[in-house]
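>>> one predicted model, sequence on top.
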Amino acid sequence: MTELLIRGARKAYGATLALRRGDFDLKGGEVHVLIGSNGSGKSTLCKIVAGSVKPDAGEVVLNGAPVTIAGPQASRALGIGIFYQELSLAARRTVAENILLPELPATGGLFVNRRELDERAARYIAEFADVAGDGFSADTPVLNLRADQRQLVEIMKALASEAPILIFDEPTSALDRAQVDRFFEILKRLKGEGRAIVFISHRMDEIFAIGDRVTVIRDGETVATSNIAETDPSTVIRQMVGDQGELVAAAAAPAAAPGEARIALQVDRLGGQGFTEISFRVARGEILGFGGLHGQGQSSVLRALFGAASHDAGSVTLDGKPYKAASPRDAIAHGVAYVSGDRSRDGVVQGRPILENVTPIHFLRNRIGLVRPSALKDKADGPLKALKTKFQTIDHPINSLSGGNQQKIVIARWLIDRPDVLLLDDPTKGIDLQAKSDLFALIRQLAAEGMGIVLYSSEDAELLANADRILVFNSGSVTRELRGDERTRYNLYHAAYEAA
Amino acid sequence: MSIDTSAAGVSGNRSGSAVIEFVRKPLVVALVLIVALLALGEALSPGFASLQQILRLSIVAALLGIVAAGQNLVILGGREGIDLSVGGVVSLSAIIAGNLMMGQNGGILPAVLVCLATGALFGLANGLGVTLLRIPPLVMTLGMLGVLQGLLVVIRQGIPSGRAAPALSQFVSQPFLLGLPGIIWLWLAIGLLMAFLLKRTVFGYRVYAIGSNEQAAYMAGVPVRTIRVALFMLSGMFAALAGICLLGYSGSSFANVGETYMLPSIIAVVLGGTPLAGGRGGYTGTMAGAMLLVVLQSILTTINIDESGRQMIFGATLLVLMLFYGRAKAMRG
């Protein structure tokens, strides 16, 4: 019987310890659920099994023999098949070709054997034939499929590996009820054949419907493995929360009487790519938190509000006036600011001086055409000091700074001329603790001075400590609002992992 | 950047590493190579580095340098920015200017205006193709070059070639101020203008920003498309200006007079320290790069290497430079 053991796996990325001590055992004939909050080390552990990440310490034992998994191909050769959460399909190729892409049947090692390709693919397609929906066939290009159909192709691709060990990382996020049911039937059959299945999902009902055992990971450590029959959702959530269940006291929320506080931003039934029916208000002086698991629509909402993505439903008012940003440029002109957590993509202009990185918003908001460096340096000085930014001179390239200081520069550009609304999209990703605390101190001060702030953070502790209210996102909608004493880790996880 | 850094390097006598860094600046390398090549030329053929000869080379370099100014801007703007149509615009502009002047000084002003407008128009088409239609600059401007070449054939069949106005010829080749011809002064003025544009205007900051990280620039409210279109228009206008000057230099317009400018204008930019990826560099280095290329060309002529040989050497030079800059970029990341 297949058996995979991971003992004391450890993995650090630079100074960040992603996995402290990962233990995991997987037996043939079971569906083993892996669960953990944002940044708990769940995906790192999963990647170690998949062979795409090499652990710094610890051992991987397969069927009694220690193995080193050198890469994705090696893990395949060892009999491990993986469903990828990030879609890994070739868009212009057909369903059949995609299913067998990792090992296309070939004649003479050179030419694709069409007939064998179609025959083999047909078996997997047939499994889902009655639930796949319209327009799904072996020769449809993946490009023309809906999101749920693409996810089915991913599942078929994993199944087609016919590997003794199968890993499914959130395989059901786009599927409808009937598709999920069919998928679970197949999993049960595979289990009966003695295959070992790792199942990752954030839907408690699914976990309890299909799982045999569940392993909980918290802060990079395996904390518990239990039989599903002997546990319940609340216990699992409590294990994810650990001892930090109590309310993390947020800085004193502004005590403005309701009605008196001026609403900076009001969003009504906003809908777009990746989110629907989002409504909320942010008062001046308030920090509104967006929480939940990664990628549940939080960033998409913020980007839509900033004009960097479009929204097709709903309305927004800014300071009581209708507002719709056609582009970031438009949003900036209206006094809306946006700080992305992906600073190398959205924030930093690499290789250019700090001065050039800190001034673009100032130019735009004041319609400046000619640069007067000395005057600009004086302007930039205030925000840079307020964030305790460390740099040699403002003419040094931004690349000469640490990640935390680079992010401070990116944030400082918004503060030369104060915006009315500040949208923070996971702003502390990958920056050091000192920079984080400097940043949050300033954000609280900005709120106190009357700015309306929306903070999405993938770090739950950070969110609980800094947001006055928290909206929990799940699959593109807000499932719960946490106010006052409700802002606990337990409640946050409970809402985030709630059945959709 | 070149202006600032070279000034800092001259004034500052800091550590040894600063000296090494200074010596590795493309501008410094180009200047050293110019001197070395002049010395080599003098050794091969006495009189090569005479004041008279250097002045003559400077006029040729000015023509190339003006084309390279536009090329420089387009390349700085990044996203594989390159303008392969400059040679066609130079030729077209020379023909238009010649036919509007017909050897009369009174025709200079209308010729300049019409030529600049023509250059701007072709630049606008390039810019719109690249931004709105999302055609890669290489393909877009190569296609435009094809259009221009066809147009030139048609024009030359129908219209006799024009002649430069005497004042223009004088401006290009005769001493104008302090013993230097007008075109040298024009080139220096363009050098100052470019430095001002890139260092002291928000437009310049934005050019570097889109060249270095277009997405970040967009998120900071930079009108990315408008700026990219403006860069192509400026490139067309600089090429048109060079075409007018070229007419003054040669006296009359003739077949594909500007064709030889495409490759050298790109090489001059890269030699001057602006990588093809954009976002870094400046025009001062490009000026030195243009001078270096002209001196090199002259040496090759002196040792009897014909036009085809020279083209081969230029092409190879560009490839070697790519090797050099490709490595530098990897080291940076």
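Good, I have the coordinates.
>>> from here on, just use CA atoms for contacts and neighbour counts.
Will do.
>>> now do the contacts for A:Arg469.
Going by C-alpha atoms under 8 Å, 6 or more residues apart in numbering or on different chains, A:Arg469 touches A:Ile287, A:Leu288, A:Gly289, A:Glu481, A:Leu482, A:Arg483, A:Gly484, A:Arg487.
>>> which of those residues are buried, as a PyMOL select command?
Selection of buried members from these for PyMOL, criterion 16 or more other C-alpha atoms under 10 Å in any protein chain shown:
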select buried, chain A and resi 287+288+289+481+482+487
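>>> what strand or helix carries B:Val154?
Assigned by DSSP states H and E, B:Val154 falls within helix B:137-158.
>>> give me the buried stretch members for that helix, please.
B:Pro137, B:Leu138, B:Val139, B:Met140, B:Thr141, B:Leu142, B:Met144, B:Leu145, B:Leu148, B:Gln149, B:Leu152.
>>> so what's the second one up against?
Going by C-alpha under 8 Å, 6+ apart, B:Leu138 touches B:Glu80, B:Gly81, B:Ile82, B:Asp83, B:Leu84.
>>> identify the residue spatially nearest to the second one, adjacent ones excluded.
Put plainly, it is B:Gly81. Leaving aside its chain neighbours, B:Gly81 sits nearest to B:Ile75 (4.7 Å; criterion: C-alpha to C-alpha, 6 or more residues apart in numbering or on different chains).
>>> for stretch A:124-144, what is the average pLDDT?
Over the span of stretch A:124-144, the pLDDT mean works out to 88.
>>> what's it in contact with?
By C-alpha under 8 Å, 6+ apart, stretch A:124-144 touches A:89-96, A:98, A:118, A:121-122, A:145, A:149-150, A:152, A:156, A:159-160, A:178-179, A:182.
>>> and that stretch, how far apart are its ends?
Between the start and the finish of stretch A:124-144 there is a gap of 19 Å, counting by C-alpha to C-alpha, to the nearest Å.
>>> is A:Leu265 in a helix, a strand, or coil?
Under DSSP: H, G, I helix; E, B strand; the rest coil, A:Leu265 falls in the strand class.
>>> leaving out chain neighbours, which residue sits closest to it?
Closest to A:Leu265 by C-alpha to C-alpha, 6+ apart is A:Leu318, at 4.8 Å.
>>> the one you found reaches A:Gln266, doesn't it?
Yes - taking contacts as C-alpha atoms under 8 Å, A:Leu318 lies within contact range of A:Gln266: 6.5 Å.
>>> residues in contact with the residue positioned nearest the centre of chain A?
With distances taken as C-alpha atoms, centre = their mean, chain A has A:His294 as the residue nearest its mean C-alpha position (2.6 Å). Neighbouring residues of A:His294 by C-alpha under 8 Å, 6+ apart: A:Asn38, A:Ser458.
>>> again with B:Ile244
B:Ile244 is in contact with B:Val90, B:Ser93, B:Ala94, B:Ala97, B:Val112, B:Cys115, counting by C-alpha under 8 Å, 6+ apart.
>>> returning to what we had before: check the contacts of B:Leu138 for the minimum pLDDT and say which it is.
Comparing the contacts of B:Leu138 by pLDDT, B:Glu80 comes last, at 90.
>>> please look at that residue and B:Pro137 and confirm they touch.
Yes - B:Glu80 is in contact with B:Pro137 according to C-alpha under 8 Å; the separation is 6.7 Å.
>>> low-confidence stretches in the chain?
No chain was given, so I picked chain A. Counting by pLDDT under 70, chain A contains low-confidence ranges at A:1, A:85-87, A:107-110, A:243-261, A:499-500.
>>> wait, I meant chain B there
For chain B, the stretches with pLDDT under 70 are B:1-24, B:255, B:325-333.
>>> near chain A, which residues of it?
B:199-203, B:205, B:208-209, B:212-213, B:215-223, B:279-280 (C-alpha under 8 Å from any C-alpha of the partner chain).
>>> re earlier: what is the neighbour count of the residue nearest to A:Leu265?
Using other C-alpha atoms under 10 Å in any protein chain shown, A:Leu318 has 19 neighbouring residues.
>>> so who does it touch?
A:Leu318 makes contact with A:Ala264, A:Leu265, A:Gln266, according to C-alpha under 8 Å, 6+ apart.
>>> just among those, which is most surrounded?
Using other C-alpha under 10 Å as the neighbour criterion, A:Leu265 leads the contacts of A:Leu318 with 25 neighbours.
>>> what sits against residue 218?
Just going to use chain A. Counting by C-alpha under 8 Å, 6+ apart, A:Arg218 makes contact with A:Gly36, A:Ser37, A:Ser40, A:Gly41, A:Gln239, A:Met240, A:Val241, A:Gly242.
>>> to clarify, I was referring to chain B.
B:Tyr218 touches A:Pro328, A:Arg329, B:Ile210, B:Val224, counting by C-alpha under 8 Å, 6+ apart.
>>> can you do 7 Å?
Counting by C-alpha atoms under 7 Å, 6 or more residues apart in numbering or on different chains, B:Tyr218 makes contact with A:Pro328, B:Val224.
>>> check the burial of A:Ala196 by counting its neighbours.
By other C-alpha under 10 Å, 27 other residues sit near A:Ala196.
>>> check A:Leu364 too.
Neighbourhood size, A:Leu364 [other C-alpha under 10 Å]: 18.
>>> nearest residue to it other than its sequence neighbours?
Per C-alpha to C-alpha, 6+ apart, closest to A:Leu364 is B:Gly221, 7.1 Å.
>>> where exactly do the strands run in the stretch 401-500 of chain A?
A:421-425, A:452-456, A:469-474, A:477-483 (DSSP state E, counting those that start in this stretch).
>>> and those strands: which comes nearest A:Phe363?
Closest to A:Phe363 of the strands of the stretch 401-500 of chain A, according to C-alpha to C-alpha: strand A:421-425, at 18.4 Å.
>>> list the buried residues in stretch A:114-131.
Those would be A:Leu117, A:Asp118, A:Arg120, A:Ala121, A:Ala122, A:Tyr124, A:Ile125, A:Phe128, A:Val131, for stretch A:114-131 by 16+ other C-alpha under 10 Å.
>>> also stretch A:218-230?
Residues A:Arg218, A:Asp219, A:Gly220, A:Glu221, A:Thr222, A:Val223, A:Thr225, A:Ile228 are the ones in stretch A:218-230 that count as buried (16+ other C-alpha under 10 Å).
>>> is it correct that the second one is in contact with A:Ser40?
What that stands for is A:Asp219. Yes - at 4.6 Å, A:Asp219 and A:Ser40 qualify as touching, with contact defined as C-alpha atoms under 7 Å.
>>> quick one: residues contacting the closest residue to chain A within the stretch 51-200 of chain B.
Closest to chain A within the stretch 51-200 of chain B is B:Arg200: 4.7 Å, counting by C-alpha to the nearest C-alpha. Taking C-alpha under 7 Å, 6+ apart as the contact definition, B:Arg200 lies against A:Leu370, A:Val371, A:Arg372.
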